[in-house]
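**Q** kindly return the folded structure for what I paste below:
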Amino acid sequence: MIRDFAPSYADMNKGNGPIDTSVAFVSSTLGPNSKPVYAGGAASVESAASFANWWNTVNGVNMQETFPLTLSNGTEFDPRVRLSAPA
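**A** Numbering: from 1, shown residues only. Next up is the predicted model:
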């Protein structure tokens with residue numbers, strides 16, 4: 001399942017640079033609803049409430065769509081896949 005947000009949504013297209021991957025903005029434990037919890041500190045996230053909408057379908061905010069995704073444990077090398085971070 002995917003959720004589609006309008007480009008004007010608070011957390012979409014926020015900022016002009018790369019995402020700061022050094023910020024752990026998601027809690028290491030799930031919330032009581034078994035969904036990720038915003039831990040704070042991310043410039044690309046407006047608030048805990050806006051982050052919660054990533055994981056919930058909300059009328060007027062996002063649309064839910066079922067999207068088939070086929071995964072394979074193939075052995076062919078794909079040059080678009082990077083298995084480790086650059087040095």
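
**Q** lowest-pLDDT helix or strand in this protein?
**A** Between all helices and strands in the chain, the lowest mean by mean pLDDT, DSSP states H and E belongs to strand 2-5, at a mean of 90.

**Q** okay, now the unreliable bits of this structure?
**A** The model of the chain has pLDDT under 70 over residues 15-22, 82-87.

**Q** tell me the centre residue of it?
**A** Trp54 (7.0 Å; C-alpha atoms, centre = their mean).

**Q** ok, the closest residue to Phe25 other than its chain neighbours - how many residues close by?
**A** Closest residue in space to Phe25, ignoring its immediate chain neighbours: Ala42 at 3.5 Å, by C-beta to C-beta, 6 or more residues apart in numbering. Placement of C-beta: from N, CA and C, glycine included. Close neighbours of Ala42, defined as other C-beta atoms under 10 Å, add up to 18.

**Q** does Ala42 touch Val23 like I think?
**A** Yes: between Ala42 and Val23 there is a contact under C-beta atoms under 8 Å: 5.4 Å.

**Q** distance of the residue nearest to Phe25 relative to Glu76?
**A** Computed as C-beta to C-beta, to the nearest Å, the Ala42 to Glu76 distance reads 36 Å.

**Q** specify the beta-bridge partners of the residue nearest to Phe51 when sequence neighbours are not counted.
**A** Of all residues not flanking Phe51 in the chain, Tyr38 sits nearest, at 3.8 Å (C-beta to C-beta, 6+ apart). Tyr38 has these beta-bridge partners by DSSP bridges: Val26.

**Q** if I look at Asp78, how far off is Pro68?
**A** From Asp78 across to Pro68, the span is 20 Å (C-beta to C-beta).

**Q** more neighbours, the two?
**A** Neighbours per residue, other C-beta under 10 Å: of Asp78 and Pro68, the larger number sits with Asp78, 7 against 4.

**Q** what sits against that one?
**A** By C-beta atoms under 8 Å, 6 or more residues apart in numbering, the contact list for Asp78 is empty.
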